[in-house]
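Chemist: my questions concern the predicted model and sequence given below.
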Amino acid sequence: MAANKTSLSAGEIIRAVLAEDPEVSLRATDIYPVVEDRADLPYIVYRRVALDHNPVKSGPGSDTVTIEILCFTQGYTEGVELAEAVRDALDGVQAEHRGMVIRSCTLADSAEDWEDDAYIQQLTFNCKI
């Protein structure tokens with residue numbers, strides 16, 4: 001019997017939302033969890049970087065999960081355009097996937113970098129589960 005899904009599985013919803021978005025799908029070859037070092041550019045990597053549990057007296061409470069999205073591209077402008085598509089897909093979204101629900105998802109931070117011949121656009125989202 002499979003374990004119940006909790007906010008530890010929030011990445012599954014994030015991946016589903018991104019994979020179903022036509023603009024993201026047009027701009028990225030694939031979407032990977034945690035890390036990928038052998039993929040063809042452009043691609044997206046997502047990972048959970050924090051979880052804050054918010055207990056309440058009347059029940060189990062809720063969690064806020066911080067998800068980091070990394071957009072790897074060959075060109076700078078291409079990276080910014082992919083990051084804009086990711087932001088458009090996730091910022092403000094409410095979504096359900098396999099019984100898990102994101103009640104809200106908001107952009108909290110962003111940065112950019114260059115590493116191993118790729119531009120990297122980093123977006124950080126806070127997701128209430």
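Modeler: That came through, no problem. Predicted model only: the values in this text are computed from it and were never measured.

Chemist: can we go C-alpha only for contacts and neighbour counts from here?
Modeler: Will do.

Chemist: so where's this structure shaky on pLDDT?
Modeler: 1-3, 59 (pLDDT under 70).

Chemist: now the helices for it?
Modeler: Counting by DSSP state H, the chain has helices at residues 10-20, 22-27, 76-90.

Chemist: and of those helices, who's closest to residue 37?
Modeler: Residue 37 lies closest to helix 76-90 among the helices of the chain, at 17.0 Å (C-alpha to C-alpha).

Chemist: got the angle for that closest one vs helix 10-20?
Modeler: With axes from the mean of the first three to the mean of the last three C-alpha atoms, to 10 degrees as the criterion, the two stretches helix 76-90 and helix 10-20 enclose an angle of 110 degrees.

Chemist: need the contact list for residue 28.
Modeler: Taking C-alpha atoms under 8 Å, 6 or more residues apart in numbering, we find residue 28 in contact with 41-44, 82.

Chemist: ignore the last one, residue 62
Modeler: With C-alpha under 8 Å, 6+ apart, residue 62 has these contacts: 53-55, 128-129.

Chemist: out of those, which is nearest to residue 68?
Modeler: Scanning those for proximity to residue 68, where the rule is C-alpha to C-alpha, the winner is residue 128, at 14.3 Å.
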